[in-house]
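In: Here is a sequence with its predicted model. Questions after.
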Amino acid sequence: MKGWSRSRSELPEDLIMEILLQLPVKSLIRFNCVCKSWCCCFQTSNFIYKHHHINLENNRLNLLCTRAVGRPGPGKVILNYTQLSTEQDDFLSPKLDNQFTFFKDDGYPPDVLGPRNGLLFFYSYGQGKKSAIWNPSTREFKTLPPSSIQAPSPGYNSIDSAGFGFDSNTGDYKVIQFVDRVSLNFPSPDDEYTPPGYDFTVELYSLKTDSWKEIPFSGVFTDSYHNLCDTYVNGTCHWHAGKDPPPEHNPRILSFDMADEKFSTFPFPEFGGDLDYYWFQLLEFHGSLGIFIYPFQAPEKSFDLWVMNGEYTWTKQLCIDPIPRVENPLGFWKNGDLFLETPDHQLVLFEHRTGEVKRPGIKTSLCSMRVFAYAESLVRINGTSEHKGYVIRQPCIR
């Protein structure tokens, strides 16, 4: 076959790039040392975008389940994450089980948001109130700078809600957080005692500038923004925001556009039930905002999924018949299958077509778990490599 052999340098450059785009992140990181041109190419926004988009198109997804284990108290709570196998013949069997000791000295399990182009965001509720962005594919980890909001007294600021998103106009990753500043109102000699109140402030973090800034916000709801986890769809974060002021008391959804940095609100779907007897769960459904509505006291819960289309109009997309011994929906997987959580905090997968419920034996001891399906990404966050202060990559006790 003499004459047919060709060296690497003789292969068309376009063909080489197409081959490299199909490779996993671990291989691309190793190939950084092959030649300088490859190393530079892997860092360009065009290559990073194409690589991630190809992974999404081909459903090359990794599945992470996060859960808190241990007992409340300083240094006793860790966030454990389990990578689940997505192979057809071994689905939902644990593939890799690791301990994630995110800011363990706070004594509280962190919340997790994402993924956003393969990135996850962590933030804690303890006295330190630290936060970080993590790329689990490249193992790059970036701790965010402290909040710019000054507390009236040390330790009084608390993160009530947060959101993590991508500004496609500038190519910037942003974090928004709602900060409660406890204000102690001391009475004057002529006034009666005034109980402590809350000074509500919103700030936005930019990864490009690595800094926070306060942004205008006018709260109009009587209830707190009690859904701490955002639902991110097409560049916009959404939260279950509470209710309109009296006399309407209608539940509302708060949204924040990461590009124009503006808030908006719109109503829940009119599902015909009594709001006092139902839970609501926002989620992303095939690129649109969806909301599960389900009774919170029924022994076997049924789930109605409403999806937003057009100008804040809702359509009932599907109704899932009552499923025994489940509590909360966690999100969709492939083929319409649904991840759910049981009352004792175990993970289950409901196969929509067969009605079968699979239980991989994963549970949490402290609070609700989260499930994240993400595609590998080369996105750089200007952070540092993982170290033992944050991630312990070793099997942990279930």
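Out: Ah, there it is. No experiment lies behind these values; they were computed from the predicted model shown.
In: Start and end of stretch 362-371, how far apart?
Out: 11 Å (C-alpha to C-alpha, to the nearest Å).
In: Chain neighbours aside, what residue packs nearest to Arg116?
Out: Leaving aside its sequence neighbours, Arg116 sits nearest to Phe166 (C-beta to C-beta, 6 or more residues apart in numbering; 5.2 Å). Where C-beta positions appear, they are placed from N, C-alpha and C, glycine not excepted.
In: residues in contact with the one you found?
Out: For Phe166, the contact set (C-beta atoms under 8 Å, 6 or more residues apart in numbering) comprises 116-117, 172-174, 235, 258.
In: The longest helix along the chain: which residues count as buried?
Out: With secondary structure taken from DSSP state H, the chain has its longest helix at helix 45-57. Buried residues in helix 45-57, counted by 16 or more other C-beta atoms under 10 Å: 47-48, 51-52, 55.
In: related to what we said a few turns ago, if I look at the residue nearest to Arg116, how far off is Ser211?
Out: 18 Å (C-beta to C-beta, to the nearest Å).
In: repeat for Asn59
Out: Relative to Ser211, and taking C-beta to C-beta, Asn59 is found at 37 Å.
In: related to what we said a few turns ago, please name the bridge partners of the residue nearest to Arg116.
Out: Tyr173 (DSSP bridges).
In: Which helix or strand contains the residue lying closest to Asn309 once chain neighbours are set aside?
Out: Using C-beta to C-beta, 6+ apart and skipping residues adjacent in sequence, the residue nearest Asn309 is Thr315, 5.8 Å away. Assigned by DSSP states H and E, Thr315 belongs to strand 313-324.
In: The residue nearest to Asn309 contacts Asp304, doesn't it?
Out: No - in this structure, Thr315 is not within contact of Asp304 by C-beta atoms under 8 Å, at 11.3 Å.
In: residue ranges with poor pLDDT in the stretch 151-300 of the chain?
Out: Along the stretch 151-300 of the chain, the parts satisfying pLDDT under 70 run over 151-160, 180-200, 219-229, 242-249.
In: how about the strands in it?
Out: 157-167, 172-183, 197-206, 211-214, 231-233, 236-243, 251-257, 262-267, 278-285, 288-295, 300-309 (DSSP state E, counting those that start in this stretch).
In: Now distance to Glu140 too, for these, in TSV please.
Out: Listed next are the strands of the stretch 151-300 of the chain as TSV, based on distance: least, C-beta to C-beta, whole Å:
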stretch	distance to Glu140
strand 157-167	16
strand 172-183	13
strand 197-206	17
strand 211-214	19
strand 231-233	21
strand 236-243	23
strand 251-257	26
strand 262-267	31
strand 278-285	25
strand 288-295	30
strand 300-309	34
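In: Tell me which of those strands sits nearest to Ile133.
Out: The closest of those to Ile133 is strand 172-183. By C-beta to C-beta, the value is 7.0 Å.
In: Please report how far Pro329 lies from Glu351.
Out: 14 Å.
In: neighbour count winner among the two?
Out: Neighbours per residue (other C-beta atoms under 10 Å) separate Pro329 from Glu351, with Pro329 holding more: 22 against 14.
In: Over to Glu18. Which of the three states is it?
Out: helix (DSSP: H, G, I helix; E, B strand; the rest coil).
In: Could you pull up the residues touching it?
Out: Contacts of Glu18 by C-beta under 8 Å, 6+ apart: none found.
In: ok, it to Asp111 distance?
Out: In terms of C-beta to C-beta, Glu18 sits 39 Å off from Asp111.
In: residue contacts, Leu340?
Out: Contacts of Leu340 (C-beta under 8 Å, 6+ apart): 323, 326-330, 347-350.
In: Pull up the overlap in contacts between Thr315 and Asp304.
Out: What both Thr315 and Asp304 touch, as defined by C-beta under 8 Å, 6+ apart, is an empty set.
In: ok, these two, which is more surrounded?
Out: Asp304 (18 against 12).
In: what's that one in contact with, if anything?
Out: 271, 292-294, 316, 318-320.
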